[in-house]
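Asker: Structure for this input, please:
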Amino acid sequence: MELYNLLEKIVQHDKTHSKWLNTLSFMENAGAKKISACEHPTEVSLIQLKHAAEEHRHAYYLKKQILKINPEYC
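Answerer: Numbering: from 1, shown residues only. Below you'll find the predicted structure:
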């Protein structure tokens, strides 16, 4: 219940909500970059590519959500 209350407070304020989404986007993007950094130069598995692509997609989606709140934030 504490997490729910925290999230309720975050989404009540546009700037805080945007910063929260931006932080999540940063984390997703950082994860995708780390996955890519540890790939073998020539023998990359399909699952590794898929995982990195999903992380980048999450980062992109979160950034797009910020535009719905206020395009000037983050």
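Asker: List the residues that contact the residue nearest the centre of the chain.
Answerer: Geometric centre of the chain, nearest residue: Ser25, 2.4 Å, by Cα atoms, centre = their mean. With contacts defined as Cβ atoms under 8 Å, 6 or more residues apart in numbering, Ser25 is in contact with His58, Ala59, Tyr60, Leu62, Lys63, Ile66. All C-beta spots, glycine's among them, are computed from the backbone N, C-alpha and C.
Asker: Now, of these, which are buried?
Answerer: His58, Ala59, Leu62, Lys63, Ile66 (16 or more other Cβ atoms under 10 Å).
Asker: Who are the contact partners of the last one?
Answerer: To tie it back to what came earlier, the one meant is Ile66. Contacts of Ile66 by Cβ under 8 Å, 6+ apart are Ser18, Leu21, Asn22, Ser25, Tyr73, Cys74.
Asker: so how far is Ile47 from the residue lying closest to Asn29 once chain neighbours are set aside?
Answerer: Leaving aside its sequence neighbours, Asn29 sits nearest to Ala59 (Cβ to Cβ, 6 or more residues apart in numbering; 4.0 Å). The gap separating Ala59 from Ile47 is 19 Å, by Cβ to Cβ, to the nearest Å.
Asker: just Asp14 next, same as before
Answerer: For Asp14 relative to Ile47 (Cβ to Cβ), the value is 38 Å.
Asker: does His40 count as helix, strand or coil?
Answerer: Secondary structure assignment for His40 (DSSP: H, G, I helix; E, B strand; the rest coil): coil.
Asker: can you check Ile47 too?
Answerer: Once three-state DSSP is applied, Ile47 turns out helix.
Asker: Tell me, how many residues neighbour it?
Answerer: 8 (other Cβ atoms under 10 Å).
Asker: try Tyr73
Answerer: By the criterion of other Cβ under 10 Å, Tyr73 has 15 neighbours.
Asker: do the same with Glu55
Answerer: Glu55: 20 surrounding residues under other Cβ under 10 Å.
Asker: got the contact list for it?
Answerer: Counting by Cβ under 8 Å, 6+ apart, Glu55 makes contact with Glu28, Asn29, Gly31, Ala32, Ile35.
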